[in-house]
Structures are given as C-alpha cells and as structure tokens.
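**Student:** Let me see the structure of the following:
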Amino acid sequence: MLSDLYVTGIKLAKDIPSDNYLYDLPVIKHLQDMEELPISKHVTFFVGENGIGKSTLIEAIAVSMGFNPEGGTINFNFSTEDSHSELYRYLTVCKGVKRHKDGFFLRAESFYNVATNIDRVRAIPSYGGVSLHAQSHGESFMALVENRFGGNGLYILDEPEAALSPSRLLQLMCCIDDLVKHNSQFIISTHSPILMAFPDAEVFELSEKGINSIPYQETEHFRITKQFVNAPEKMLKYLLE
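**Tutor:** This next block holds a predicted model:
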C-alpha cells in the first residue's frame, strides 16, 4: 500500500568521518546502525535529553527537503549566520509518492530572524496582517501557524513549545489536528509532554541507548513531569535538601 505521507523515512550514510563532531552525537551513532528509520504517522515526535542530537537531526531533515536552514518556507533564502551542521550532506530523506504543496520549517532559536525577513520582503499580509515583531513570541508563533500553514503541507518544527503557554500548546494541537485532516504532515522535536500526547502520533525517544518508538507515557519527560505535578513538595524536598 502506497503511503500518503510526504516523508516516509530517513537514512544515514555510513561514511561520516570519525573526526567530524557529528560522529560523536548519540543519534548519529544509532542511525548509522539502522538501515532506515521509518516514518509512518502524520505526526512524528523526536524527544530526548539536551545534547542528544534532536535539533541537529530536525534541521538536517528540513535542509534535505529544501528548506532554509534558519527557517521559513522553501522560498526563503536569507542567512544571518551560517551555523547549521553538515548532517544534511549524509542524510537521505525517503519521500512518499505525493509532493507537498505547502511547507514551513520553524526553529525556535532563529524565529526572530524569520520574522525580520518576513518584514523585509513585505509578506506580512500572509501572516495575519501584523508584523510578527509587533506581537509577543507566543502570539507571533500562533499567528504564523493560523495564517500561514495552509494544509497539504510538510511542517517541520523544532521545539515549538519554547514560545507557548500550556493553553497555547493546546491551541497548537487543535491547529495540528485540523491541518492533518487537510493532508498535512508534521515532524517535531519537543520537550513538551503536553504536545507529544497528540493522538495517533509516533514518539521516537532518542537516548544514549538508542532510538525507540514508545508511548508518550513512557518517555522520561512525561514520567518526571507527572512525578513532580503529583507530589511537588516531595520532589523538591528530595532535590533541595
């Protein structure tokens, strides 16, 4: 059966030089041991501890699909600092039979630069009619999603929760659901236990031990958050004494 996804998997070359810093990232070592990491859901999450390589992987997928390394649509070609990794040179993205008609790569750390470019090229009407710089971080992010994400698209998001309150995260999930119903696919790197609870999503947990598809309730993020919310005084006493 043919997949209706735009991205169906990723493969990593075996010949990354051992003196390249990428060689030491845990996610790289594990991907090299796999023939292919299959992607089979309309919403895929990559989760894991800081430094494991989630954002580097997300960035490489985006660049391999033709997106600007700092974020934006495929038509964005600005650059403020050449800071993206070379991982995309070694990565093969397996594509489905359908081609996405819309798309966006959002990375939290360079969203300011994307907003500046939108102002520069006078594309503000496509993003709600108000400069993203004239709004709070969270408001500008939701303006982007609600006005610019149009469906039939591939949307690659790196830690979108950085800008959003819990209620805004729930609002984002509603937007994702609507866009999935309009033939969209999301690949997301996140630390948010709320976001990774999205129904029928696949959660890949990246760790020193490997890359594993697990229920979100089994992720370290969810377990620690649940332990804290259920007994904050107990956990704080343990941590601070």
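**Student:** Any regions of this structure where pLDDT drops low?
**Tutor:** Residues of the chain meeting the criterion pLDDT under 70: 1-2, 19, 77-84, 110.
**Student:** okay, which residue is most central for it?
**Tutor:** Ile188 (2.6 Å; CA atoms, centre = their mean).
**Student:** Need the three-state assignment for that residue.
**Tutor:** Assigned by DSSP: H, G, I helix; E, B strand; the rest coil, the conformation of Ile188 is strand.
**Student:** Tell me how far Ile187 lies from Glu109.
**Tutor:** As for Ile187, its distance to Glu109 is 17 Å (criterion: CB to CB, to the nearest Å). In this view, the C-beta of every residue, glycine as well, is placed from N, C-alpha and C.
**Student:** More neighbours: which of the two?
**Tutor:** The residue with more neighbours, out of Ile187 and Glu109, is Ile187; 26 against 13, by other CB atoms under 10 Å.
**Student:** can you tell me which residues contact that one?
**Tutor:** By CB atoms under 8 Å, 6 or more residues apart in numbering, the contact list for Ile187 reads 7, 39, 44, 46, 58, 61, 154-157.
**Student:** Make CSV from the residues you listed and add neighbour count to it.
**Tutor:** Below are the contacts of Ile187 laid out as CSV (neighbours: other CB atoms under 10 Å):
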residue, neighbour count
Val7, 20
Ile39, 22
Thr44, 23
Phe46, 25
Ile58, 22
Ile61, 24
Leu154, 26
Tyr155, 25
Ile156, 24
Leu157, 25
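**Student:** Ile124 and Val130 touch, don't they?
**Tutor:** Yes. Ile124 is within contact range of Val130, at 7.0 Å (criterion: CB atoms under 8 Å).
**Student:** quick one: which of these two has more around it?
**Tutor:** Ile124 (18 against 14).
**Student:** just the helices in this protein please.
**Tutor:** For the chain, applying DSSP state H gives helices covering 26-32, 54-64, 111-120, 137-148, 166-181, 220-230, 232-240.
**Student:** winner for burial among the ones you listed?
**Tutor:** The highest average neighbour count among those, using mean count of other CB atoms under 10 Å, belongs to helix 54-64 at a mean of 23.
**Student:** For that helix, name the packing helices and strands.
**Tutor:** Helix 54-64 is packed against strand 7-12, helix 26-32, strand 43-48, strand 91-95, strand 102-107, strand 153-158, strand 185-189, with contacts defined by 3 or more CB pairs under 8 Å, 6 or more residues apart in numbering; DSSP states H and E.
**Student:** since we're on Ala108, how many residues are nearby?
**Tutor:** So Ala108, with other CB under 10 Å, has 19 neighbours.
**Student:** Leaving out sequence neighbours, find the closest residue to it.
**Tutor:** Closest residue to Ala108 apart from its sequence neighbours, by CB to CB, 6 or more residues apart in numbering: Ala162 at 3.9 Å.
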